[in-house]
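Participant: Structure for the following, please:
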Amino acid sequence: MTQIPNPTSKPKVAVLIPQEKRALVFPQQVEAALQAFSDPHIATDDELANGDLSEMLRDVPAVITGWLSPEIPRSAFAPQGSIGFLSHTAGSVRKLGVQDALEAGEVRVSHAASTIAYAVAEFTLTQMLAHVRRHRDTDAGFRNGTPWFDMRENFLGQLLSAQEVGIVGLGYVGRLVLDLLRPFGCKISVSDPFVDEERARSLGVTLRSLDDLFETCSIVTLHAPKLPETERMITRRHLDSMVPGGLLVNTARARLIEEGAMLDVLRQGRIFAALDTFEKEPGLGTDMPPEMREELRQLPNLYASPHCAGHTSDSYIRQGLTAVEEVRRYLAGEDLKQEIPSERAAMLA
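Facilitator: Numbering: from 1, shown residues only. Down below sits the predicted model:
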């Protein structure tokens, strides 16, 4: 482990993020913020790949993790070990092996999900606006030499404020999407089993069943977590019931939708979809067959992106700073801002 020289008796904090990902969320300003109150120990890639973290984590009260961080042994957490706090620079902590220790109250955990959520929410709003104002059509028409007034006449858009937008899942991202939509004045409906009528009224939204939401809203955006209860929750029947010309935005997980249903419906050309996540993609350790990729490229009613909704250069820095600030708060005995409650351990997305 490479130890940053620090002559003071500041508490040790281990940074367990491979260099490739650490470069994104831990630039100099983030590292300097951590050095201001702690003695950072930044693990090398070789140390992380070695698999034995016990010696590295001795007498370390807090660790910072991120994308591609290794699983942390249960014995490293209190009371057997010294780690009482884990601050994650990304969203999901499922792969870190922390769930049991969190549920047992042996460690406290914070994550940067809310920081990433804002990037996803902005991206979601961008997809909606680009769709209703026909941005892609007018841009392509200009580049292809379509006559000026023909473009204006043939690619006439709509107002977002005139749409009813349905939000499936009112978690971190869904709530931010709701907040971003408010200034447009559009009608907003929500489908979420954890939202009751009283909460819906307080938020100024209409609570609908999943079936009703798909049948009613001209734009539907998915923000439910990937859990056993939500897998394949969106069926072919839901997609078929959408308003003709409607838009489905999925920046959550592809497996929320019935397998094969999305492609089948897009082939019909009756609705549009803005998809940031796919069943098969390199980030999931697999990739789609070349023939499927080529077919998707040819679909004019598909707006595709490479699982990038939560990724911006600004978000990366904020993720690092958020994680560092949570460590500072923990070591100072202050309230945490991004903590995952232990009772939510079983629902970690």
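Participant: OK, contacts around the nearest residue to Lys21 once chain neighbours are set aside?
Facilitator: Computed as C-beta to C-beta, 6 or more residues apart in numbering, the closest residue to Lys21 that is not its neighbour in sequence is Trp67, at 4.3 Å. To be clear about C-beta, it is placed using only N, CA and C from the backbone, and glycine gets the same treatment. By C-beta atoms under 8 Å, 6 or more residues apart in numbering, Trp67 lies in contact with 17, 21, 89-90.
Participant: From those, list the buried ones, please.
Facilitator: 17, 21, 89-90 (16 or more other C-beta atoms under 10 Å).
Participant: hang on, isn't Met136 packed against Leu129?
Facilitator: To be clear, residue 136 is Arg; Met isn't right here. No. Using C-beta atoms under 8 Å, Arg136 makes no contact with Leu129, being 11.3 Å away.
Participant: Okay, and which of the contacts of Trp67 map to helices?
Facilitator: Applying DSSP state H to the contacts of Trp67, the entries found in helices are Lys21.
Participant: Between the contacts of Trp67, which sits nearest Asp264?
Facilitator: Ala90 (33.1 Å; C-beta to C-beta).
Participant: confidence score at the closest one?
Facilitator: Note for Ala90: predicted pLDDT of 94.
Participant: isn't it right up against Ala117?
Facilitator: No. With contacts counted by C-beta under 8 Å, Ala90 stays clear of Ala117, the gap being 11.7 Å.
Participant: any chance of the buried ones among the contacts of Trp67 in CSV, plus distance to Leu203?
Facilitator: Shown next, in CSV, are the buried ones among the contacts of Trp67 (distance: C-beta to C-beta, whole Å):
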residue, distance to Leu203
Ile17, 36
Lys21, 35
Thr89, 30
Ala90, 28
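Participant: ok, these vs Tyr330, which is closest?
Facilitator: Thr89 (14.7 Å).
Participant: what are the ranges of the helices in the stretch 151-300 of the chain?
Facilitator: 172-181, 197-203, 210-216, 236-240, 261-268, 290-298 (DSSP state H, counting those that start in this stretch).
Participant: Correction: the previous question concerned the stretch 1-150 of the chain.
Facilitator: 19-25, 28-35, 45-50, 99-103, 113-132, 135-144, 148-154.
Participant: packing partners for the longest one?
Facilitator: The reference is to helix 113-132. Contacts defined by 3 or more C-beta pairs under 8 Å, 6 or more residues apart in numbering; DSSP states H and E place helix 113-132 against helix 172-181, strand 219-222, strand 247-250, strand 272-275, strand 302-304, helix 313-332.
Participant: what's the average pLDDT for the fourth one?
Facilitator: Spelled out, it's strand 272-275. On average, strand 272-275 scores 98.
Participant: going forward can the numbers begin at 470, since that is how I track them
Facilitator: Taking 470 as the first residue, the last one we looked at is strand 741-744.
Participant: and that strand, C-alpha only, in PDB?
Facilitator: C-alpha atoms of strand 741-744 as PDB (Å, rounded to 0.1, in the frame of the first residue of the first chain):
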ATOM      1  CA  PHE A 741     -40.700   5.600 -29.000                       C
ATOM      2  CA  ALA A 742     -38.100   4.500 -26.400                       C
ATOM      3  CA  ALA A 743     -35.100   6.200 -24.900                       C
ATOM      4  CA  LEU A 744     -33.000   3.400 -23.600                       C
END
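Participant: thinking again about what came up before, deepest of the helices of the stretch 470-619 of the chain, which one?
Facilitator: helix 582-601 (a mean of 21; mean count of other C-beta atoms under 10 Å).
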